[in-house]
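[1] Here is a sequence with its predicted model. Questions after.
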Amino acid sequence: MLNAIETRTPPTIDDLASLPDEVRRVAGGIAAEVVEIDKALTALDELLNLLQPPRTGKIRIEWRERKGRRVPTPAIWSYSKAGWRAARVPGTGLSRRVKSARDFNDNYKQVKAICQNVTMLLKMREQALAPIAMFQRATAGTLNTNVHRLTMACIGIDLAMGFARQAFGVKDEAGEDDEEVLCNE
């Protein structure tokens, strides 16, 4: 990938040719890391389910749909006359929400430790996905606007070259066969 010193000079064709492979390699590594984090969160959710009684205040990890993707979200379950309901809570400070009264007392320390791990994993997941989101935001508008600018620049260069050839009396030496060869290179 291009480093800070290389970005001061224009990249070579070889640098640009290897860039897509480098981006795929980095994105693949990030995706593999996120998959492992998600597996760990699923396992911790099962532990939370086993260690806590089915009472109001039970903490779980819910997988919610957000912008077409499944996102892990901590939730605290509560029971009312209408039935069970999950209220989403932030991942930070999750260990402070662990119940210690009555039925929850037996496994309080274990559940608190699990919640600390959940908080750490959620933070790791967010940090792992941040570069991809930033890359998508940075390139989304750039690609669309640069295509039009590049087209206009090429048209301008062609017109300028035509006027320069005409002004200096230079004939276009490239024939039709030569143009096809140049376009294919």
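    Perfect, I can see it now.
[2] could you list every residue that touches Ala113?
    Ser95 (Cβ atoms under 8 Å, 6 or more residues apart in numbering). From N, CA and C alone the C-beta is placed, and that goes for glycine too.
[3] Tell me which helix or strand it sits in.
    Element membership for Ala113 (DSSP states H and E) is helix 108-168.
[4] Now do Gly83, the pLDDT please.
    At Gly83, the model reports a pLDDT of 88.
[5] gap between it and Trp77?
    11 Å (Cβ to Cβ, to the nearest Å).
[6] Mind checking which of these two has more residues around it?
    Using other Cβ atoms under 10 Å as the criterion, Gly83 and Trp77 rank with Trp77 on top: 17 against 6.
[7] and that one, that's in a strand?
    Yes - judged by DSSP: H, G, I helix; E, B strand; the rest coil, Trp77 forms part of a strand.
[8] Which positions are bridged to it in the beta structure?
    Lys58, Ala86 (DSSP bridges).
[9] so it touches Arg60, yeah?
    Yes - when contacts are counted by Cβ atoms under 8 Å, Trp77 is listed as touching Arg60 (6.3 Å).
[10] Okay, Phe104 and Gln166: tell me how far apart.
    Per Cβ to Cβ, Phe104 is found 87 Å from Gln166.
[11] more crowded one of those two?
    Taking neighbours as other Cβ under 10 Å, Phe104 and Gln166 compare with Phe104 leading, 18 against 9.
[12] Can you give me every residue that contacts the more buried one?
    52-53, 55, 57, 98, 111.
[13] could you redo the last one with a cut-off of 7 Å?
    52-53, 57 (Cβ atoms under 7 Å, 6 or more residues apart in numbering).
[14] So for it, what's the pLDDT?
    If you check Phe104, the pLDDT there is 85.
[15] and what of Asp178?
    49.
[16] Next: the one 3 residues further on.
    The score at Val181 is 44. That number is its pLDDT.
[17] do Leu50 as well
    Looking at Leu50, its pLDDT is 90.
[18] Return the backbone torsion pair for it.
    The phi and psi values for Leu50, taken as degrees, to the nearest 10, are phi -70, psi -40.
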